[in-house]
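*Asks:* Sequence plus predicted model, see below.
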Amino acid sequence: MAQTLAMPQTPQAPRTLKTLVDEYERQLILEALRAAGGQQRRAAATLGVLPSTLHEKMSRLGIPTARTYHP
């Protein structure tokens, strides 16, 4: 019987509820920004949050918060 070699696995950070929620929230924000042509006020309205809330979330998630977002 032939012996198979297992590929070494690289350690990954555990996927906690917080990291999963952050990843999903980041995706939603980026999609809303793309759909709004980079206009944060329109993206906030689409997401149903205040522009200040969107700005805070963008800062926390490492998304550029310039006046105009260019995907």
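*Replies:* Done, it's in.

*Asks:* So which residue is smack in the middle of the protein?
*Replies:* Within the chain, the residue whose C-alpha comes closest to the C-alpha centroid is residue 26; the distance, by C-alpha atoms, centre = their mean, is 1.8 Å.

*Asks:* and it, how far is that from residue 55?
*Replies:* The gap separating residue 26 from residue 55 is 14 Å, by C-beta to C-beta, to the nearest Å. Any C-beta I mention is one placed from the backbone N, CA and C, and that applies to glycine too.

*Asks:* mind listing the strands for the protein?
*Replies:* According to DSSP state E, the chain carries no segments that qualify as strands.

*Asks:* buried residues in the longest helix seen in the chain?
*Replies:* Ranked by residue count, the top helix of the chain under DSSP state H comes out as helix 17-35. Across helix 17-35, burial judged by 16 or more other C-beta atoms under 10 Å covers 26, 29, 30, 32, 33.

*Asks:* same deal with stretch 53-61?
*Replies:* Quick answer for stretch 53-61 (16+ other C-beta under 10 Å): 54, 57, 58.

*Asks:* pLDDT weak spots in this structure?
*Replies:* Counting by pLDDT under 70, the low-confidence segments of the chain come to 1-10, 67-71.

*Asks:* again, only using 80
*Replies:* Judged against pLDDT under 80, the low-scoring parts of the chain cover residues 1-13, 66-71.

*Asks:* where exactly do the helices run in it?
*Replies:* 17-35, 40-47, 51-61.
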